[in-house]
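A.B. asks: next come a sequence and a model predicted from it.
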Amino acid sequence: MSTPTPPGPDAPDQGSSSGRHGAPQPQDPYGRQAQGQGGQQGYGRQQQHGQYGQQYGQQPGYGQAYPQGQEGYGQGQYGQGQYGQPDQYGQYSGAPEIDRDMLAPWVHRLGAYLVDGVVAWIPGAIGSALMTGLQSGGQPSGAATMIGSILYLVSLAISIWNIVFRQGRTGQSIGKQVLNIKLVRESDGQPLGPGTTFVRALAHILDALPCYVGFLWPLWDKKRQTFADKVMSSLVIKV
């Protein structure tokens, strides 16, 4: 029998080699990396899906925010904000609720017009009387003509002051003050101002053109407006 050759120093140790290869234990760095990376990656993905599932399926954040959304929708934006409150809605549209009982009757408007006409007519009537009484040879004298012309100008100035400036700033001419009525803007109930009141006076041409039907329009109109009132968005109300 041959004598077995003792292993050399370079010969691999079968026991230790088999120990390395035969024991796939956590000591193997590759195994740990593979297992760790693979497990961590898979678990990480599951964590991501889990978080996504919680956000989408369970919706903890959305579920908590949903009552707030309902509160904001029901109270903040829709209920209280712009549509639910009539005051804000009226300011936005510029058309508040009109109560017909607060509008001036047509008879009162006619009475105010007659009073304003008399106030403006008095100086002119005096001037006309002077011109007639101070005639010389069937013709008015120079003094009568001058006095009469001045009084006519006074009559015109009183009419402009009364209808344009006084009424524009306060909403009331002398006639409207006597009849307790007032000219205001439809949007906010404030006086028109002298400029707009002057334009409204010119717009009365529209009331006169079709057989003066525009002056009668308040008799059946819902807002008791003449054509000039509709053009200028004005109302005549009781005081």
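C.D. replies: That came through fine.

A.B. asks: and residue 185, what does it touch?
C.D. replies: 191-192, 233-235 (CB atoms under 8 Å, 6 or more residues apart in numbering). Quick note: C-beta positions are derived from backbone N, CA and C, even for glycine.

A.B. asks: farthest pair within those residues?
C.D. replies: Spanning the widest gap among the contacts of residue 185 are 191 and 233, at 13.2 Å by CB to CB.

A.B. asks: the more surrounded of the two?
C.D. replies: residue 191 (18 against 15; other CB atoms under 10 Å).

A.B. asks: outline the domain layout of the chain.
C.D. replies: 37-81, 100-238 (automatic domain parsing).

A.B. asks: return the most buried member of those.
C.D. replies: domain 100-238 (a mean of 16; mean count of other CB atoms under 10 Å).

A.B. asks: can you map out the strands along the chain?
C.D. replies: 135-136, 139-140, 181-185, 234-238 (DSSP state E).

A.B. asks: so for residue 203, which of the ones you listed sits nearest?
C.D. replies: Closest among the strands of the chain, once you apply CB to CB, is strand 234-238, at 9.6 Å.

A.B. asks: tell me what the closest one is packed against?
C.D. replies: Packing partners of strand 234-238 (3 or more CB pairs under 8 Å, 6 or more residues apart in numbering; DSSP states H and E): strand 181-185, helix 227-232.

A.B. asks: the shortest one pairs with which strands, parallel or anti?
C.D. replies: Right, the one you point to is strand 181-185. Applying DSSP bridges to the sheet, strand 181-185 is found paired with strand 234-238 (antiparallel).

A.B. asks: average pLDDT for the strand it pairs with?
C.D. replies: Strand 234-238 carries an average pLDDT of 97.

A.B. asks: list the contacts of that strand.
C.D. replies: 98, 102-104, 108-109, 176, 180-186, 189, 192, 196, 200, 218, 223-225, 228-229.

A.B. asks: same thing but at 7 Å, please
C.D. replies: With contact meaning CB atoms under 7 Å, 6 or more residues apart in numbering, strand 234-238 is reached by 102-104, 109, 180-186, 192, 200, 223-225, 229.

A.B. asks: for residue 231, give me its contacts.
C.D. replies: Contacts of residue 231 by CB under 7 Å, 6+ apart are 203, 206.

A.B. asks: if I look at it, how far off is residue 192?
C.D. replies: According to CB to CB, to the nearest Å, residue 231 and residue 192 sit 12 Å apart.

A.B. asks: low-scoring stretches of the chain, by residue?
C.D. replies: 1-97, 133-140 (pLDDT under 70).

A.B. asks: pull the longest helix from it.
C.D. replies: helix 106-133 (DSSP state H).

A.B. asks: same for that helix, what does it pack against?
C.D. replies: helix 142-160, helix 174-178, strand 181-185 (3 or more CB pairs under 7 Å, 6 or more residues apart in numbering; DSSP states H and E).

A.B. asks: hey, C-alpha coordinates of the second one in PDB?
C.D. replies: If I follow you right, that is helix 174-178. Extracted C-alpha coordinates of helix 174-178, given in PDB (Å, rounded to 0.1, in the frame of the first residue of the first chain):
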ATOM      1  CA  ILE A 174     -87.900 123.000  -4.100                       C
ATOM      2  CA  GLY A 175     -90.900 121.200  -5.500                       C
ATOM      3  CA  LYS A 176     -89.700 117.700  -4.400                       C
ATOM      4  CA  GLN A 177     -89.000 119.100  -1.000                       C
ATOM      5  CA  VAL A 178     -92.500 120.400  -0.700                       C
END
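
A.B. asks: what packs against that helix?
C.D. replies: Short answer (3+ CB pairs under 7 Å, 6+ apart): helix 174-178 packs on helix 106-133.
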